[in-house]
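Novice: Predicted model and sequence follow; I will ask about them next.
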Amino acid sequence: MDCDRLLACPDCRRPALAAAPKGYACGSCGATYIVREGIPVFLRPRTAIVGADADRAAFWDAGWENRNNRLLALDREGVLKERQDYLEYVLKERYPSAVDIGPDVVAGKTFLNIGCGGGFEGLLFAGYGAHYIGVDFSQNAVRLTRDLIRNAGFDGAAFQAEAEALPFRDGSIEYVYSSGVLHHTPNIEQALKEACRVLAPGGTAMIALYATRSLMFFWYRLHAVLCGNLTLKAIEAWMHANTEGAWQTAGRKNKWTKTYTEPQFRTLLTAAGFSEARIQQSYLQVKTMPIVGKIVRAVAPGKLEDLRVGRFGSMLVATCRKR
Ligand SMILES: [Zn+2]
């Protein structure tokens, strides 16, 4: 897909990006952006991923390095089969991304996924006929997304970019989506403002963050206390390092994870410029429960484990609008 008509300079936000010898150049502020291995790198020149952000980027980049790579060896039929399996899984789990978004909602629309990760969401939404654009500050995630969409024969693009400074024009995106990402972003206020800025008036956004009042995060906090962390600061530090355990690659630890209550989430969305927010909490499933899940999986695998026990899951999912 041709995204040039959507692009703006992530540094000055002006729609003045033009092709340059090694990538793009901003005709307004003079910032330049390279294209690396076919992927535009829209990281701001002055602030691009330095200090603590460099650590966060390295953590996620290492996490995505070898994840889902098996998918790249598949032919088109194989990729489409993986997409179908993923769709069935998210429908079974009753994820709002599957239940509330279908081809009737997104086909033919510009669809931005902020923090696109390893490509399954890209396959899902591009497969519905959306003009899919994935952005992520991990180059490995972006490459995986781009290659999977290409191998499936779908329409889509992927850029390396920061959630806090998106490379798109004001009001250029008809559907903005970000699931399980922005709770890892220290400046979530700015990231949500950017999500709202690029959304077209009348457009819809679906944004999901970790829920404070969920069994998973009550359990994590209890675990932190049992491990001897007795101050709020110590508990938070333990959370950062332990909540994405599977991601601990090459000795790196997760640098930032926060959880939100529904009122906190609503306040953030309103401050960012969104309106009409409907916030639903994900379902809690027996198999994901601490201890109980393990017992059920051992005693009655495949039966009780898929049972849902109310909206006490780990995600708050907001669907909101921009006037
Ligand atoms: Zn500029």
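Specialist: Right, received. Where do you want to start? Everything quoted here is computed from the prediction, not taken from an experiment.

Novice: Can you mark which positions in stretch 311-323 are buried?
Specialist: For stretch 311-323, burial by neighbour count (16 or more other Cβ atoms under 10 Å) applies to 312-320, 322. Placement of C-beta: from N, CA and C, glycine included.

Novice: Kindly apply the preceding question to stretch 167-175 instead.
Specialist: Buried, per 16+ other Cβ under 10 Å, within stretch 167-175: 167-169, 172-175.

Novice: Now flag whichever of these is closest to the ion.
Specialist: residue 167 (10.0 Å; Cβ to the ion).

Novice: what bridges to residue 173?
Specialist: With DSSP bridges applied, residue 173 shows beta-bridge pairing to residue 199.

Novice: Please report the distance of it from residue 100.
Specialist: As judged by Cβ to Cβ, to the nearest Å, residue 173 and residue 100 stand 18 Å apart.

Novice: try residue 54
Specialist: Going from residue 54 to residue 100 by Cβ to Cβ gives 36 Å.

Novice: Show me the shaky parts of the stretch 51-200 of the chain.
Specialist: For the stretch 51-200 of the chain, the stretches with pLDDT under 70 are 51-53.

Novice: Which stretches in it count as helices?
Specialist: Here the stretch 51-200 of the chain has its helices, by DSSP state H, counting those that start in this stretch, at 52-65, 76-92, 96-99, 103-106, 120-127, 139-152, 188-198.

Novice: which of the ones you listed is buried the deepest?
Specialist: helix 120-127 (a mean of 26; mean count of other Cβ atoms under 10 Å).

Novice: can you list contacts of that helix?
Specialist: 68, 79-80, 82-83, 86-87, 90, 97-98, 101, 106, 111, 113, 116, 132, 134, 145, 148-149, 152, 154-156, 158, 177, 179 (Cβ atoms under 8 Å, 6 or more residues apart in numbering).

Novice: Also within reach of the ion: list those from those.
Specialist: By Cβ under 5 Å from the ion, no member of those lies near the ion.

Novice: Quick one: name the residues of the protein near the ion.
Specialist: Counting by Cβ under 5 Å from the ion, the residues of the chain that sit close to the ion are 9, 11-12, 26, 28-29, 31.

Novice: Are any of those buried, and if so which?
Specialist: Among the residues of the chain next to the ion, those classed as buried by 16+ other Cβ under 10 Å are 9, 11, 26, 31.

Novice: which residue packs closest to the third one, ignoring adjacent ones?
Specialist: Which is residue 26. What sits nearest to residue 26 in space, not counting adjacent residues and going by Cβ to Cβ, 6 or more residues apart in numbering, is residue 9, at 3.9 Å.

Novice: In contact with the one you found, which residues?
Specialist: Listed by Cβ under 8 Å, 6+ apart, the contact partners of residue 9 are 15-17, 26, 28-29, 31, 167.

Novice: let's go with 7 Å and repeat that
Specialist: Taking Cβ atoms under 7 Å, 6 or more residues apart in numbering, we find residue 9 in contact with 16-17, 26, 28-29, 31.
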